[in-house]
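Enquirer: Fold the stuff below for me.
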Amino acid sequence: MAVATPETTEPRVVLVTGGNRGIGKCIADSFRAQGDRVIITYRSGDAPEGVDAVQCDVSSTKSVEAAYKEIESTWGPVEILVANAGITKDTLLMRMSEDDFTSVLDTNLVGAFRVAKRATKGFLKLKRGRVIFISSVVGVTGAPGQANYAASKAGLTGMARAITRELGARNVTANVVAPGYITTDMTAELPEDVTANYMTSIPAARFGDPEEVANAVQWLASPGAGYVNGTVIRVDGGLGMGL
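Expert: Below is the predicted model:
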């Protein structure tokens, strides 16, 4: 029987795509707080101050390759990948252009594929690795005006499970965290009536905190979750239960 390689006690190299704001930033901060070497990606402009960051557009294979080479030469191979980068282009299906649909999939789903595929090179050399895809409850429940976004987030579950089948015996895990409605700058701008309407559908009767999403990610990245593979953890206050 195969024996898993023990987890290192040294600071781990963690890559969080889209880790410069919102949920991604909170996830990056949580790893940083426990002493890991955290690198975040940003798509354009200047790197955020005070953090290790590389420019990377996950919709470009060339950009992903360049980012990984920079990370590996500076900090070493990525041991934990949190694929969080994503975009939205919400509109009703009858008004949604093909570009609206494909561009969201290219960033949210194909972009996650690009960074996960590239990470496996380091994983196989290290004989360990963790992939954590940040999905959404919308990938299960659907939402009006989000056919593109829902499809991209639903696809992450299938991809995680395929990776599990391929690399589970190599001490690599691939799991999904699916947040529900989380308090961020974006949700803070919602009108009160819209917020109240969302609340009625959430059994917990509140929005979640980014820290609650980060806690789930932290657990999946921990030694205690080494036998958890191909699963989806919903951090949604019960919104998607039973689906």
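
Enquirer: Could you list the low-pLDDT ranges of this structure?
Expert: Residues of the chain meeting the criterion pLDDT under 70: 1-9.

Enquirer: Which element, helix or strand, includes residue 156?
Expert: Element membership for residue 156 (DSSP states H and E) is helix 147-167.

Enquirer: how about that helix as PDB, C-alpha atoms only?
Expert: Taking Å, rounded to 0.1, in the frame of the first residue of the first chain, the C-alpha atoms of helix 147-167 are listed here in PDB:
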ATOM      1  CA  ALA A 147     -25.300  31.400 -17.100                       C
ATOM      2  CA  ASN A 148     -21.700  32.000 -17.900                       C
ATOM      3  CA  TYR A 149     -20.500  32.400 -14.300                       C
ATOM      4  CA  ALA A 150     -22.500  29.400 -13.100                       C
ATOM      5  CA  ALA A 151     -21.200  27.200 -15.800                       C
ATOM      6  CA  SER A 152     -17.600  28.200 -15.100                       C
ATOM      7  CA  LYS A 153     -18.000  27.500 -11.400                       C
ATOM      8  CA  ALA A 154     -19.800  24.200 -11.800                       C
ATOM      9  CA  GLY A 155     -17.000  23.000 -14.100                       C
ATOM     10  CA  LEU A 156     -14.400  23.400 -11.300                       C
ATOM     11  CA  THR A 157     -16.000  20.400  -9.400                       C
ATOM     12  CA  GLY A 158     -15.600  18.100 -12.300                       C
ATOM     13  CA  MET A 159     -12.000  19.200 -12.900                       C
ATOM     14  CA  ALA A 160     -11.100  18.700  -9.200                       C
ATOM     15  CA  ARG A 161     -12.500  15.200  -9.300                       C
ATOM     16  CA  ALA A 162     -10.700  14.300 -12.500                       C
ATOM     17  CA  ILE A 163      -7.400  15.600 -10.900                       C
ATOM     18  CA  THR A 164      -8.200  13.500  -7.900                       C
ATOM     19  CA  ARG A 165      -8.500  10.400 -10.100                       C
ATOM     20  CA  GLU A 166      -5.300  11.100 -11.900                       C
ATOM     21  CA  LEU A 167      -3.000  12.300  -9.000                       C
END
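
Enquirer: Would you mind pulling the contact partners of that helix?
Expert: 83, 86, 88-90, 93, 96, 100-101, 104-105, 107-109, 112-113, 116, 120, 123, 129, 131, 133, 135-136, 138-140, 142-143, 172-176, 178, 229-230, 232 (Cβ atoms under 8 Å, 6 or more residues apart in numbering). Bear in mind the C-beta positions are built from the backbone N, C-alpha and C, glycine included.

Enquirer: same question, stretch 236-243
Expert: 137, 140-141, 178-181, 201-208, 234.

Enquirer: Span of it from start to end?
Expert: 12 Å (Cα to Cα, to the nearest Å).

Enquirer: next one: stretch 133-146
Expert: End-to-end distance (Cα to Cα), stretch 133-146: 19 Å.
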